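Undergrad: Quick check, what structure comes out for this input:
(one chain, ligands or ions: 2)
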Amino acid sequence: MLILGIAGGTGCGKTTVVNQIVDELPENEVGVISQDSYYNDLSHLSKEEREKVNFDHPNSIDFDLLISHLEKLRQGKSIHKPIYSFVEETRLEKTILTAPRKVMIVEGILVLSNPKLRNMFDIKIYVHADSDERLIRRLQRDIKERGHDLEKALTRYQTAVKPMHQQFIEPSKEFADIIIPNNHYNTVAVDIVRTIINDRLG
Ligand SMILES: Nc1ncnc2c1ncn2[C@@H]1O[C@H](COP(=O)(O)OP(=O)(O)O)[C@@H](O)[C@H]1O
Ligand SMILES: Nc1ccn([C@@H]2O[C@H](COP(=O)(O)O)[C@@H](O)[C@H]2O)c(=O)n1
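TA: Ligands and ions are numbered 1, 2, ... in the order given. From the prediction side, this is the model:
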């Protein structure tokens, strides 16, 4: 199994890059795991309490479960991947049965920050976009798709997203084998990563 880890700040385009990579590859050969699926289950907290959680700190992610799932996939076993609702800010009861694939892509803001997870990756990629570009994209997405209003999105950005980015995410860039500049859609970089994967798939 070839495991790729793809990190980068919120709104840099990780999901978009992964979708572009996967789109032209055989469906049954490549699997994707998003760190977002592994947010801690906060169903024991009230909605008001959940609003106050710092979702950009590594402690908000169940890395133990993510790592154990990746280990199982590597052993050829299927996993029950959690489903996270950004609107409810909690994990759903339903899971997705996910089978191992020849190539597994793990993407998320903090996947290169966690040393144990990072060491499981054969190829480490960091997607870079400038912070103003990321903020614009994030506001548009959070308001359209994640049920936030402008004030909530901006407050979160100032109090959690930006400081955690500076403390944990940006420094993880130094572990990357490949840095993809993504202020603009970068089809050349996507093609290069796809070629690496195709080589492995033979
Ligand atoms: N290179 C790009 N140029 C302009 N918009 C982009 C680019 N890459 C992604 N986007 C848009 O930015 C938003 C966030 O992208 P997404 O892939 O979800 O980022 P991430 O997964 O890193 O948070 C989405 O609405 C997406 O369509
Ligand atoms: N309930 C939540 C949980 C997380 N977030 C934000 O998601 C961002 C990470 O996801 P990306 O797809 O943008 O990489 C992270 O910055 C959290 O602030 C949220 O808004 N609500």
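Undergrad: ok now do the most centrally placed residue in the chain, which residues does it touch?
TA: Most central in the chain under Cα atoms, centre = their mean is residue 108, positioned 1.8 Å from the mean C-alpha point. Residue 108 makes contact with 6-7, 14, 34-36, 38, 61 under the criterion Cβ atoms under 8 Å, 6 or more residues apart in numbering. No exception for glycine: its C-beta is placed from N, CA and C like everyone else's.
Undergrad: Tell me the one among those residues nearest to residue 24.
TA: Closest approach between the contacts of residue 108 and residue 24, by Cβ to Cβ: residue 6, at 16.7 Å.
Undergrad: Report the secondary structure state of that closest one.
TA: Secondary structure assignment for residue 6 (DSSP: H, G, I helix; E, B strand; the rest coil): strand.
Undergrad: Can you check the pLDDT for it?
TA: You'll see residue 6 listed with a pLDDT of 98.
Undergrad: For it, list the residues it contacts.
TA: 14, 17-18, 105-108, 111, 125-127.
Undergrad: touching ligand 2 at all, the least confident helix or strand in the chain by mean pLDDT?
TA: Ranking every helix and strand in the chain by mean pLDDT, DSSP states H and E puts helix 47-51 at the bottom, with a mean of 86. No. On the criterion Cβ under 6 Å from any ligand atom, helix 47-51 is out of touch with ligand 2, staying 7.2 Å away.
Undergrad: Name the residues that touch that helix?
TA: Under Cβ under 8 Å, 6+ apart, the answer for helix 47-51 is 42, 88-90.
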